[in-house]
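**Q** coordinates only, no sequence provided:
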């Protein structure tokens, strides 16, 4: 429950800052010193940045020099996709193809669309099954059709809407023998499930602070030193000359504290969220028998879907109506659809999973986080029956 008294179940969008991150942030806000300056204050700021880099590297099993700080996940995705594509194509003009799943976040899909429109990229969106999981046979066939023409592959670690975990290790195993770099958007995964950069085999990985208990406006692209990345912007040459700009020392300190805590507490955190999530799904389906779960079924091992994700469809309803009716009762969640200029659009994720347009509009995503409690589940269960009835009546009217 939030300070306003609302039941907050939209942690996949952003989760409250962890106390250790707040402490790390506030402890540095009054400090002066540009990390690029050579005097004592600058060196002090630089030490904080580099210690934070080491903390993140240790948590994710990568080298400190592989952590490139950014303003968040969207910038990191853009940097990976555009930067690696430009470098790979400059080295070999045949490398024009980019492979990605059809269920990627718009922070990946939109840069790919831009590269196709403006930079001659041939973007191939790979199919997924009814659970939202990559069709590995289709992916393998796409790679092997002409591996020398593939600039890079981007497959998210876990889906932000339906919580599906993707087979990242299998993706890298297929791309690796051909020397094709793989990027993964792990924004939803870090702190929710085990994430090991070195073991995964990916060349680049995106994460951001506000999804795991850190502050807004700071994230990172973890990218192997041997991967050539053309910068998006130019300036002071910070961050390996990949991402220029004065570093946010307080934000980076808080980000590192959040990553360290989230990764350390991940096993217990996941088990607690899984218990809350499973209870919500079971009880909501009892109240609304024709509701259904999108994505993988609830799995005890936690290898198929994110532990805090419950994406439910309610036939005969509009997701936006359900959202607003729940919001009026003090329950905050999200729909599975994106809105553009106030016009609701069917979820591209659900469409890719085989849903029709109506099915892709009638869903709600409940996502749990470190502040979630059993009382939050009770509130949703108490409200969902009357809310669904009102939403269905409104649609029939």
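**A** In hand now; what should we look at? Computed from a predicted structure; not experimentally measured.

**Q** next up, the contacts around the closest residue to residue 105 other than its chain neighbours.
**A** Take residue 105 and drop its neighbours on the chain: the residue closest to it by CB to CB, 6 or more residues apart in numbering is residue 160, 5.5 Å away. To be clear about C-beta, it is placed using only N, CA and C from the backbone, and glycine gets the same treatment. Counting by CB atoms under 8 Å, 6 or more residues apart in numbering, residue 160 makes contact with 12, 105, 187, 188.

**Q** got the phi/psi numbers for residue 160?
**A** Its backbone dihedrals place residue 160 at phi -70, psi -30, with angles given as degrees, to the nearest 10.

**Q** buried set for stretch 312-329?
**A** Residues of stretch 312-329 classed as buried: 312-314, 317-323, 325-326, 329 (neighbour count, 16 or more other CB atoms under 10 Å).

**Q** what separation do you get for residue 189 and residue 73?
**A** When distances are taken as CB to CB, to the nearest Å, residue 189 and residue 73 turn out to be 12 Å apart.

**Q** from residue 259, how far off is residue 58?
**A** For residue 58, the distance to residue 259 - CB to CB - is 9 Å.

**Q** tell me which of these two has more neighbours.
**A** residue 259 (27 against 14; other CB atoms under 10 Å).

**Q** distance of the more buried one from residue 222?
**A** The spacing between residue 259 and residue 222, counted by CB to CB, is 11 Å.

**Q** need the contact list for residue 349.
**A** Residue 349 sits next to 103, 132, 159, 161, 162, 336 when contact means CB under 8 Å, 6+ apart.

**Q** quick check: the second one touching residue 155?
**A** No: using CB atoms under 8 Å, residue 132 makes no contact with residue 155, being 12.0 Å away.

**Q** quick one: contacts for residue 45?
**A** 31, 33, 34, 35, 37, 247, 249.

**Q** quick check: nearest residue in space to it, chain neighbours excluded?
**A** Of all residues beyond its chain neighbours, the one nearest residue 45 is residue 33 (3.7 Å), with distances taken as CB to CB, 6+ apart.

**Q** sorry, back to before: report the two of the buried residues of stretch 312-329 separated the most.
**A** 313 and 329 (20.1 Å; CB to CB).

**Q** look up how far residue 182 lies from the residue nearest to residue 49 when sequence neighbours are not counted.
**A** Take residue 49 and drop its neighbours on the chain: the residue closest to it by CB to CB, 6+ apart is residue 35, 4.9 Å away. Residue 35 sits at a distance of 31 Å from residue 182 (criterion: CB to CB).

**Q** again, but for residue 12
**A** Applying CB to CB, one obtains 23 Å for the distance of residue 12 from residue 182.

**Q** which helix or strand in this protein has the lowest average pLDDT?
**A** Least confident helix or strand of the chain, by mean pLDDT, DSSP states H and E, is strand 339-340 with a mean of 46.

**Q** where does the most centrally placed residue in the chain land in three-state SS?
**A** The central residue of the chain, meaning the one whose C-alpha is nearest the mean C-alpha position (CA atoms, centre = their mean), is residue 187 at 3.0 Å. State at residue 187, reduced to three classes by DSSP: H, G, I helix; E, B strand; the rest coil: coil.

**Q** now it. Nearest residue, chain neighbours left out?
**A** On the basis of CB to CB, 6+ apart, the spatially nearest residue to residue 187 that is not a chain neighbour turns out to be residue 73, at 4.5 Å.

**Q** in terms of neighbours, single out the busier of residue 35 and residue 182.
**A** When residue 35 and residue 182 are compared on other CB under 10 Å, the one with more neighbours turns out to be residue 182, at 23 against 20.

**Q** who's the more buried one bridged to?
**A** The residues listed as beta-bridge partners of residue 182 by DSSP bridges are residue 153.

**Q** thinking it is in contact with residue 155, fair?
**A** Yes: because the distance of 6.9 Å satisfies CB under 8 Å, residue 182 is recorded as touching residue 155.

**Q** against residue 210, how distant is the spatially closest residue to residue 133 that is not a sequence neighbour?
**A** In space, not counting the residues next to it along the chain, residue 133 is nearest to residue 164; the distance is 5.5 Å by CB to CB, 6+ apart. Distance from residue 164 to residue 210, counting by CB to CB: 22 Å.

**Q** where's the spatially closest residue to residue 66 that is not a sequence neighbour, which helix or strand?
**A** Nearest residue to residue 66 in three dimensions, chain neighbours excluded: residue 222, at 5.3 Å (CB to CB, 6+ apart). Secondary structure assigned from DSSP states H and E places residue 222 in strand 219-223.

**Q** alright, calling it a day.
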